[in-house]
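K.L.:
kindly return the folded structure for what I paste below:
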Amino acid sequence: MSFKLNPPFRAEHLGSLLRPDYLLQARKQFDNKEITYEQLRVLEDKAVAEAVRLQREVGIKSFTDGEYRRHMFYDGFFDHLEGFEEIQDPPADIFKTYVPDVQAFLAKNIKRASTTLCTGKIRHVKSGYLPQFEALKALVQPEEVKNIKLTLAAPEWFHLRHGEHAFRPGVYANRDEYFDDIAAAYRRELEVLYAAGLRNAQFDAPLLAYFCSESMLKGMQEAGEDSEALLDRYIQLYNDCLAGRPEDMTIGLHLCRGNFRHSIHFSEGGYDAIAVKLFNRINVDCYYLEYDTERAGTFEPLRHLPKNKSVVLGLVTSKFPELEDIGALRERVMEAAKVMTAGTGESEEEALQRICVSPQCGFASHSDGNLLGMDDMKKKLALVKDLATSIWPDA
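P.N.:
Here you go, the predicted model:
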């Protein structure tokens, strides 16, 4: 069994980068109707070009646009589908309070942001990601286009938060019909992106990591929701989204425990509860896993990672500026490789070939970003690259 590399590359990052102040200011002006979209676009283009230069300087090969054309990391898919509608000031009773981030917002009395619900039959009418990809293509060499990484919204994003409220009664008879049309829309989205040259995509799926949270599992049980059955259905949803994808398209899956503005996380719990299903039943090539703190648990679940898949260890935190010790990080990589051998019988050197490294999440999943500066971010990315080259000289 072979596994895919390049991508993922030995030194990776998760997609979002801190926005420059001028871009944040321009976005506010646009939202307040003080500047036109064309004026905003000029500044977005400038910022994305700077982001590409930064990635080149530190040696990152999986170019992204820093998600500079988005407000939140999950923007770009649902908001471009026919059948979905943005709901301003959504009522509290349509949210599942056992979901960790929903629970956190309620506990802190944070005003609910708008949400997106299905109010009609779902149909793919245009790609929201395609313009982002095409603009980034123009900034790299033709031979580098295959390395561009596009981050994608999790297909279950609104369902876990809203459950039966995710779609309007009468539009779909049950959640299976709803999921089937989301999967059909995603298959079309991937067809469009592949035709444009995309070969490297990453689903951002923090909600799957929530199934490691004891508080959510307890809340689901109390609400009469079968967490195992729902996880199984989400796995099927991912596989339906990816059915028929081309062999030369690398698909990664990123799990973290929340990465809201000002470095907030929402849940805790190791991958143990979901590892067997996560690694063996979802038809992706690699996993980008949060591993910067104890809240992600130990490496033991990696024993379930099959030989035909690779893992990107998110060892460097993107939440705070303090730099990790490269020696300690290298030891953690070796520890992970050793654990992997216990499940597959391969040598530690063979296991090491299936490992890459990265920050644990993006630097700005929300446009406001985490609690560190531009120079701090650059040092973090450089540390990832230095760590990679210290283990794999050709990184």
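
K.L.:
now for Ala153, how many residues are close by?
P.N.:
23 (other CB atoms under 10 Å). The C-beta positions use only the backbone N, C-alpha and C, and glycine is treated the same way.

K.L.:
over to Val125?
P.N.:
10.

K.L.:
over to the one 4 residues further on?
P.N.:
The number of residues packed around Tyr129, counting by other CB under 10 Å, is 24.

K.L.:
thought it was touching Asp79?
P.N.:
No. Between Tyr129 and Asp79 there is no contact under CB atoms under 8 Å: 11.0 Å.

K.L.:
in this protein, where is pLDDT below threshold?
P.N.:
1 (pLDDT under 70).

K.L.:
centre of the chain to stretch 192-210, how far?
P.N.:
On the basis of CA atoms, centre = their mean, to the nearest Å, the separation between the geometric centre of stretch 192-210 and that of its chain is 8 Å.

K.L.:
next, the buried residues of it.
P.N.:
Within stretch 192-210, the residues that qualify as buried are 192-193, 198-210, counting by 16 or more other CB atoms under 10 Å.

K.L.:
what about that stretch, how long is it end to end?
P.N.:
Counting by CA to CA, to the nearest Å, you get 31 Å between the two ends of stretch 192-210.

K.L.:
start at 725 instead
P.N.:
That works, and once the first residue is 725, the last one we named lands at stretch 916-934.

K.L.:
now stretch 1104-1118 - C-alpha only, CSV.
P.N.:
Output of stretch 1104-1118 as CSV, limited to C-alpha atoms (Å, rounded to 0.1, in the frame of the first residue of the first chain):
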residue,chain,number,x,y,z
LYS,A,1104,6.3,29.9,13.9
LEU,A,1105,6.2,28.9,10.2
ALA,A,1106,10.0,29.1,10.0
LEU,A,1107,10.1,26.8,13.1
VAL,A,1108,7.9,24.3,11.3
LYS,A,1109,10.2,24.3,8.3
ASP,A,1110,13.4,24.0,10.5
LEU,A,1111,11.8,21.1,12.4
ALA,A,1112,11.0,19.4,9.1
THR,A,1113,14.5,19.8,7.6
SER,A,1114,16.1,18.6,10.9
ILE,A,1115,14.3,15.3,10.4
TRP,A,1116,13.9,15.0,6.6
PRO,A,1117,16.8,16.9,4.9
ASP,A,1118,14.9,17.2,1.7
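
K.L.:
could you list the buried residues of it?
P.N.:
Lys1104, Leu1105, Ala1106, Leu1107, Val1108, Lys1109, Asp1110, Leu1111, Ala1112, Ile1115, Trp1116.

K.L.:
now do the strands in the stretch 975-1119 of the chain.
P.N.:
1010-1014, 1034-1040, 1079-1083 (DSSP state E, counting those that start in this stretch).

K.L.:
repeat for the stretch 825-974 of the chain
P.N.:
839-848, 874-877, 924-928, 974-979.

K.L.:
CA atoms of the third one as CSV?
P.N.:
If I follow you right, that is strand 924-928. Taking Å, rounded to 0.1, in the frame of the first residue of the first chain, the C-alpha atoms of strand 924-928 are listed here in CSV:
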residue,chain,number,x,y,z
ASN,A,924,-4.7,19.6,-3.1
ALA,A,925,-7.7,20.2,-0.8
GLN,A,926,-8.2,20.1,3.0
PHE,A,927,-11.5,19.8,4.7
ASP,A,928,-11.6,21.7,8.0
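
K.L.:
follow-up on the earlier one: what's the most buried one of the strands of the stretch 975-1119 of the chain?
P.N.:
Using mean count of other CB atoms under 10 Å, the stretch among the strands of the stretch 975-1119 of the chain with the greatest mean number of neighbours is strand 1079-1083 (a mean of 27).

K.L.:
list the contacts of that one.
P.N.:
729, 732-738, 1010, 1012, 1016, 1034-1042, 1053, 1057, 1060-1061, 1064, 1104-1105, 1108, 1111-1112, 1115 (CB atoms under 8 Å, 6 or more residues apart in numbering).

K.L.:
just checking, which of these belong to helices?
P.N.:
Leu1053, Val1057, Ala1060, Ala1061, Met1064, Lys1104, Leu1105, Val1108, Leu1111, Ala1112, Ile1115 (DSSP state H).

K.L.:
and which of those is nearest Asn983?
P.N.:
Of all the ones in helices among the contacts of strand 1079-1083, Asn983 sits closest to Lys1104, with 13.8 Å by CB to CB.

K.L.:
show me what contacts that closest one?
P.N.:
Val1040, Thr1041, Ser1042, Leu1047, Pro1083, Phe1087, Leu1096.

K.L.:
and what of Met1064?
P.N.:
Taking CB under 8 Å, 6+ apart, we find Met1064 in contact with Leu1026, Arg1027, Leu1029, Glu1070, Ala1075, Arg1078, Ile1079.

K.L.:
do Ala1119 as well
P.N.:
Ala1119 touches Phe733, Arg734, Ala735, Gly783, Lys1109, Ala1112, Thr1113, counting by CB under 8 Å, 6+ apart.

K.L.:
ok, and the closest non-adjacent residue to the first one?
P.N.:
The shortest distance from Phe733 to any residue other than its chain neighbours is 4.7 Å, reached at Lys785 (CB to CB, 6 or more residues apart in numbering).

K.L.:
A strand includes the one you found, no?
P.N.:
No. Under DSSP: H, G, I helix; E, B strand; the rest coil, Lys785 sits outside any strand and is assigned coil.

K.L.:
follow-up on the earlier one: got CSV for the contacts of Met1064, with distance to Met944 too?
P.N.:
CSV is the format used below for these (distance: CB to CB, whole Å):
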residue, distance to Met944
Leu1026, 26
Arg1027, 27
Leu1029, 26
Glu1070, 36
Ala1075, 34
Arg1078, 33
Ile1079, 33
